[in-house]
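Enquirer: I would like the atomic coordinates for the input below:
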Amino acid sequence: MKPPGWGEWHGAVTRGHRVASGQGGDPRFPQGTVAMQLPLLREALPELETWLGGAPFAGTINIALDDARIGPGTPDATLPALRWTAHFAPETFFLSRVVLVHAGIARRAWLYVPDPATKPPDHPARVGVVELLAQEVPDLSYGAPVRLRCAPRTLRITAG
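Expert: Reported below is the predicted structural model:
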């Protein structure tokens, strides 16, 4: 599944802050930030689960793209000023349709980009790493090689 005109980048699954899934031990978000955000994301983006083919895992998949620097692109959806917690000011999210390929199987996902201008400072983005919302992927582990397919406008990726 690679729509016409979409590019493909190689990378590997990498460990994130583990706050999105609630596995990072942050007492403010014991169930994870994504579990708190999902009701608002579903309301603001009705096709969220339709694109995935079901409910997303309540966490993100972090992908370190090989030799890449990532810059802002043009998202499929901008979800402005979502107040998902009392701990921070409202946050804006950019989401774009992508395809994750792991072990030869292509799965639909959403590129999940918190707006750097509204992202809480204690959850910094990492250079060369993107986050995806997806259904749970069997046998996915840290270090697993993956490919990310998306429309060229989605990300501005240049050689690192």
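Enquirer: Flag the shaky bits of this structure, pLDDT-wise.
Expert: Along the chain, the parts satisfying pLDDT under 70 run over 1-3, 17-25, 67-72, 122-127, 157-160.
Enquirer: give me that answer again for 90
Expert: Counting by pLDDT under 90, the chain contains low-confidence ranges at 1-9, 15-36, 57-59, 65-74, 84-88, 112-130, 138, 150-160.
Enquirer: Would you map the helices across it?
Expert: Remark: helices assigned in the chain by DSSP state H are 33-44, 48-52.
Enquirer: Tell me which residues touch the residue most central in space within the chain, please.
Expert: Nearest to the mean C-alpha position of the chain, by C-alpha atoms, centre = their mean, lies Leu132 at 2.5 Å. Contacts for Leu132 (C-beta atoms under 8 Å, 6 or more residues apart in numbering) come out as 60-63, 98, 100, 109-112, 148. (C-beta placed from N, C-alpha, C; glycine too.)
Enquirer: Tabulate these in a markdown table, adding columns for distance to Glu47.
Expert: Shown next, in a markdown table, are those (distance: C-beta to C-beta, whole Å):
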| residue | distance to Glu47 |
| --- | --- |
| Thr60 | 19 |
| Ile61 | 19 |
| Asn62 | 23 |
| Ile63 | 22 |
| Val98 | 14 |
| Leu100 | 17 |
| Ala109 | 13 |
| Trp110 | 10 |
| Leu111 | 14 |
| Tyr112 | 15 |
| Leu148 | 20 |
